[in-house]
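Visitor: Okay, predicted coordinates and the sequence, questions at the end:
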Amino acid sequence: MSVTAVVGAQWGDEGKGRIVDLLASEADVVVRFQGGNNAGHTVVNEKGKFALHLIPSGIFNPQAQCIIGTGVVVDPVALWQEMQELSSAGVSMERLVISERAQVVMPYHRLLDALEERRRGGRKVGTTLKGIGPAYADKAARAGLQMGDLLDEDYLWSRLEPLVAWKNRLLTQVFEEEPLSAEEIFEELRQVARSLAPYIQDTLPLLEEALARGRRILLEGQLGALRDLDWGTYPYVTSSNPTAGGACSGAGLPPAVITQVLGVAKAYTTAVGEGPFPTELRDEMGNFLREEGGEYGATTGRPRRCGWFDAVAVRHAARLNGFTGLALTKLDILDHLDTIRIGVAYRYGDQLLDRIPMTRLMERVEPVYEELEGWRTSTVDVRTYEDLPAAAQAYVSRLEELVRVPIKLISVGPERHQIVFTGALARLLVG
Ligand code: IMP
């Protein structure tokens, strides 16, 4: 048996999708454990290029069962659209399962996401406007609906009507917007529920059986540790825990069964949305990384903020998650640089910080850099660690030292085969 959690070690968009896609070729079960269609995992394979939002990246392995876990918030209409798009590209939906306990993202959640952002004004979070925060807020306030509720129309209506009446008071009296029609929302949910019904079930027995049979299970996170609700740059965070701890509750697995936690970090740093990002480059180098790395949000198309690798941030993620290994993505984007910097600490006044401070301080820190020689050679065809240029090896091993986690694989291009393994793939899954 192996249970591997794959989680983001930075601000999200580290390339988890392609790593999960790769590992999923060896997995029996893949579970998305948190987030919603704010995610945008780009996967390139022989079937084409896909931006997955809710569906686990394991969907391309015809043997793997793919579970949308209980910790996920599901916009049912968006999910159904995504399923249809994949189906029309020839990807089978037969092995997709949606947890009956996953929360439903309602139309008023999307609306309130935008209205809340407007209310925050200059202090906005820069959310994806997919209704994620309001849906999780309602879940915690016990005012949410679960996917399985969609299957019982009487129950659905009995819950929905008072909820919409309450949200309408908020919409009209606080935000001075038009009210929503409970009947229209009910009708939309009723329609989509018919399409999704065959996929909605209790996912616990599936996972129990997979554990009992010694199956290989992959837990797929969204976003990264710096956007964790508890340990990220609060309030510039998402509304769930994209860390390994969140994987247990979100998937419904006891913590002790997790055998590996693979962190995914880009060879530099990117972020979409607001909040402190000490190694951000607002100059030509930042533009270079954005263009060379194609750094535009997969969900919103927003240009990503780009900067040097921040070892303080990734070390923070390593502490929180207990990474057993790290996957370093997009090393090739740095191929032609003369020198490369790594953020190794933060300066706050006359103090040197080697840990992520509270956001109010993090907004005022300056990064402390170490500068390394570039390798000025293409790595896109390199497949073994030994074949990496010496300066690239030096960069990778310095990152390992700073983050204190072994780097187990390195991606050097978007295609499935453009990976440098520093150990066997099987070892990643089996331990
Ligand atoms: P929300 O998750 O839409 O509420 O957005 C909260 C923060 O997380 C914002 O800064 C978003 O830009 C960021 N975010 C949400 N989803 C993603 C993602 O898939 N990749 C990168 N950033 C994301």
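Guide: On my side now, so go ahead.
Visitor: Distance check, the closest residue to Gly232 other than its chain neighbours against Gly15.
Guide: Nearest non-adjacent residue to Gly232, counting by Cβ to Cβ, 6 or more residues apart in numbering: Leu226, 4.9 Å away. The C-beta positions use only the backbone N, C-alpha and C, and glycine is treated the same way. Using Cβ to Cβ, to the nearest Å, Leu226 is found at 15 Å from Gly15.
Visitor: try Ile217
Guide: From Ile217 over to Gly15 (counting by Cβ to Cβ), the distance is 21 Å.
Visitor: and the two? which has more neighbours close in?
Guide: Between Ile217 and Gly15, counted using other Cβ atoms under 10 Å, Ile217 has the larger neighbour count: 26 against 22.
Visitor: A strand includes the more buried one, no?
Guide: Yes: assessed by DSSP: H, G, I helix; E, B strand; the rest coil, Ile217 belongs to a strand.
Visitor: Okay, and the beta partners of it?
Guide: Beta-bridge partners recorded for Ile217 (DSSP bridges): Val3, Val29.
Visitor: wouldn't it be in contact with Ala5 here?
Guide: No: Ile217 lies out of contact with Ala5 (Cβ atoms under 8 Å); the separation is 9.3 Å.
Visitor: gap between the two ends of stretch 111-130?
Guide: 9 Å (Cα to Cα, to the nearest Å).
Visitor: Pull up the gap between His316 and Asp13, please.
Guide: Remark: distance between His316 and Asp13 (Cβ to Cβ) = 17 Å.
Visitor: Which one of these two is surrounded by more residues?
Guide: Asp13 (29 against 22).
Visitor: Retrieve the pLDDT associated with that one.
Guide: Asp13 carries a pLDDT value of 92.
Visitor: Quick check: chain neighbours aside, which residue is closest to it?
Guide: Thr270 (5.6 Å).
Visitor: ok, now which ones touch that neighbour?
Guide: Gln10, Trp11, Asp13, Leu289, Gly293, Glu295, Arg304, Arg305, Cys306, Gly307 (Cβ atoms under 8 Å, 6 or more residues apart in numbering).
Visitor: What of Ile419?
Guide: Leu22, Arg383, Leu409, Ile410, Ser411, Val412.
Visitor: What about the residue in the stretch 151-300 of the chain that the ligand sits nearest to? Give its phi and psi, please.
Guide: Closest contact between the stretch 151-300 of the chain and the ligand, by Cβ to the nearest ligand atom, is at Gly273 (1.9 Å). For Gly273, the backbone dihedrals (degrees, to the nearest 10) come out as phi 100, psi 170.
Visitor: need the contacts of Thr270 in CSV with secondary structure and distance to the ligand, can you?
Guide: CSV is the format used below for those (DSSP: H, G, I helix; E, B strand; the rest coil; distance: Cβ to the nearest ligand atom, whole Å):
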residue, secondary structure, distance to the ligand
Gln10, coil, 9
Trp11, coil, 6
Asp13, coil, 4
Leu289, helix, 16
Gly293, coil, 14
Glu295, coil, 11
Arg304, coil, 8
Arg305, strand, 10
Cys306, strand, 13
Gly307, strand, 15
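Visitor: Just give me the closest of those residues to Leu331.
Guide: Ranked by distance to Leu331 (Cβ to Cβ), the contacts of Thr270 are led by Gly293 at 10.9 Å.
Visitor: Low-confidence stretches in this protein?
Guide: 423-431 (pLDDT under 70).
Visitor: Tell me where it has helices.
Guide: 16-24, 76-88, 107-120, 132-140, 153-169, 182-196, 204-212, 244-251, 284-292, 311-321, 359-362, 390-403, 425-430 (DSSP state H).
Visitor: List just the one of those that sits closest to Ile342.
Guide: helix 311-321 (5.7 Å).
Visitor: Which other helices and strands does the closest one contact?
Guide: strand 2-8, helix 244-251, strand 260-266, strand 339-348, helix 390-403 (3 or more Cβ pairs under 8 Å, 6 or more residues apart in numbering; DSSP states H and E).
Visitor: got a markdown table for these, with mean neighbour count and distance to the ligand too?
Guide: Listed next are the helices and strands packed on helix 311-321 as a markdown table, based on neighbours: other Cβ atoms under 10 Å; distance: least, Cβ to the nearest ligand atom, whole Å:
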| stretch | mean neighbour count | distance to the ligand |
| --- | --- | --- |
| strand 2-8 | 27 | 8 |
| helix 244-251 | 24 | 13 |
| strand 260-266 | 28 | 11 |
| strand 339-348 | 18 | 19 |
| helix 390-403 | 18 | 20 |
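Visitor: Stretch 108-118 near the ligand anywhere?
Guide: No: judged by Cβ under 6 Å from any ligand atom, stretch 108-118 stays clear of the ligand, getting no closer than 6.9 Å.
Visitor: What number of residues are in the vicinity of Leu145?
Guide: Leu145: 20 surrounding residues under other Cβ under 10 Å.
Visitor: residues contacting the closest residue to it other than its chain neighbours?
Guide: Of all residues not flanking Leu145 in the chain, Val104 sits nearest, at 4.5 Å (Cβ to Cβ, 6+ apart). Residues near Val104 by Cβ under 8 Å, 6+ apart: Val73, Val74, Asp75, Pro76, Ala135, Gly144, Leu145, Gln146, Met147, Asp149, Leu150, Leu189.
Visitor: so the fourth one touches Arg194, yeah?
Guide: No: when contacts are counted by Cβ under 8 Å, Pro76 is not listed as touching Arg194 (10.7 Å).
Visitor: more neighbours, these two?
Guide: Neighbour count, other Cβ under 10 Å: between Pro76 and Arg194, Pro76 has more, with 23 against 11.
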